[in-house]
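Asks: sharing a sequence plus its predicted fold:
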Amino acid sequence: MFTPGGHSVSIANSATSEDLGSAAQRERRKRILDATYELAKSGGFDAVQMRAVAEQADVALGTLYRYFPSKIHLLVSALGRQFDEASVRLNDREIPGDTQADRVLYVLKRMARGMQGDPKLTEALTRAFMFADSSVANEIHVVGMAMTSIVTHAMHGGVPAEGALTDQDVAVARVLGDVWLSALVAWVTGRSTAAETAAHMETAVHLILRD
């Protein structure tokens, strides 16, 4: 994505960035995250144990800890990859809607439905995000950057042209991303239903994006 000054910002991963290291290291990291997804899909947060991930990814336990210092680092990294992939998919898709609010709601509701359709995986990723502390700052930053990219893409109806994003665009996207993640947490913890989550997001988007 591009910052307001027109500078390109890579949505890179954290200290174990896929942009760094050898092809073998990138492939190993991919296997680890793939194994994390599979375990979370089948059993939720509690099923993602470091030894089980290492065995399923066919890596030594010590190697896993070098890539990801804890289960929380691992799951938040998996959430970041999921959002990165969603951002990339948007590049090839026309986003319907006559206004910024319409387009943002289309994208956020679509993402929410997808995550609600895989409740155990979503529970695992979201709980890790809730539990993350300052030691997971890099991974949290990846999640935030990916959400900002997704929302600004929707606001502009496509990939923003170089220099097109303003400080206001980025600030609004960050707020909407935070609201969306908060609504997702409320659904995961049972404090709101899927319908209530969607209604909350619709209210927030229309209040913030007054076209």
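Replies: Sure, I can see it.
Asks: give me the distance between Gln49 and Arg127.
Replies: Separation of Gln49 from Arg127 (CB to CB, to the nearest Å): 14 Å. The way it works is simple: take the backbone N, C-alpha and C, and place the C-beta from them, glycine included.
Asks: looking only at neighbour counts, state which of these two leads.
Replies: More neighbours sit around Arg127 than around the other of Gln49 and Arg127, counting by other CB atoms under 10 Å; the figures are 20 against 12.
Asks: surely that one touches Val48?
Replies: No. Contact criterion CB atoms under 8 Å: Arg127 and Val48 do not qualify, at 9.9 Å.
Asks: and the helix or strand hosting Asn138, what does it pack against?
Replies: Asn138 is part of helix 137-156, with elements assigned from DSSP states H and E. Contacts defined by 3 or more CB pairs under 8 Å, 6 or more residues apart in numbering; DSSP states H and E place helix 137-156 against helix 71-90, helix 100-116, helix 167-188.
Asks: list the buried residues in the longest one.
Replies: When burial is assessed from 16 or more other CB atoms under 10 Å, helix 167-188 yields the following buried residues: 169-170, 172-174, 176-177, 179-181, 183-188.
Asks: so for the residue nearest in space to the middle of the chain, what's the nearest residue that isn't a sequence neighbour?
Replies: Against the mean C-alpha coordinate of the chain, by CA atoms, centre = their mean, the closest residue is Phe83 at 3.2 Å. In space, and not counting its chain neighbours, Phe83 is closest to Ala146: 3.5 Å by CB to CB, 6 or more residues apart in numbering.
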